[in-house]
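>>> Prediction below, plus the sequence it came from.
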Amino acid sequence: MRQTQTPENKQPQAEVINLFGSRLGEIASEHCRQEQQERLLKRALEVAEMLDQLDGQLSVDRERAVAMLAEYSGLLGLVVEDIRAIRDMDESFGGRQGGQPKLAGLALQFERGIAYLLGVFSVVSSGEVLPVYNWKLVHRDVQEVLGTSQDLIRLLEPPVMKSAA
C-alpha cells in the first residue's frame, strides 16, 4: 500500500472521525433498547386489557368467558411469538454484566405466563366441562398473568404518564 506524503504545514480539509472511539455503538444500542421496551410495553398493555375483560367475565358469565378464551387463544399465540422475538433482540434488555435486570425477569415471566394461559385456554375452549374448582384455578392464573403485565406496564411507563395516573 502506498502512502502519500503531505507537507507538515498543511491541515486536513475535513474533520477526522475516529470510528473506534465514537459513541455510535452506544447510541445504536440505546435505540435498540428503547424500541425493545416500547414493543414490550405495547404488548403488556394489550394483554392487560384482554385479561382484565376476561377476569370480569370469569366470575359472571362462564359461557361468555369460554367464547372470550377461544377468541383470545389466537391473539395470545401471536403475543407469545412477539415477546419471544423482543427478548431475542437482547435478553438482558440492555443490562450490564453481573445480574439480570428486573425488566428481563418480568419479560421472561410474562412470556411463560402467557404461554401457560394459552395451553389452559385451549383445554377450556375445547368444550370440556370444568368443575368449579378448575374454574377458580383458571381465574387465579389469569389474575397472575394480569398482575405480571401490570408490573411491566408500571416499570416501562414513561415518567410523564406515571405522574398523570
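Received it, and whenever you're ready, just let me know what you need.

>>> pLDDT at the closest residue to Met50 other than its chain neighbours, what is it?
Closest residue to Met50 apart from its sequence neighbours, by C-beta to C-beta, 6 or more residues apart in numbering: Tyr72 at 5.6 Å. All C-beta atoms are positioned from the backbone trio N, CA, C, and that covers glycine. We have a pLDDT of 85 for Tyr72.

>>> What degree of burial does Tyr72 show, as a neighbour count?
Counted with other C-beta atoms under 10 Å, residues neighbouring Tyr72 total 20.

>>> what do you get for Glu71?
Using other C-beta under 10 Å, Glu71 has 14 neighbouring residues.

>>> Against which helices or strands is the one helix or strand Leu155 maps to packed?
Here Leu155 sits within helix 132-156, counting by DSSP states H and E. On a contact count with 3 or more C-beta pairs under 8 Å, 6 or more residues apart in numbering; DSSP states H and E, helix 132-156 meets helix 24-60, helix 102-124.

>>> I'd like to know which of the ones you listed is closest to Glu157.
helix 24-60 (7.2 Å; C-beta to C-beta).
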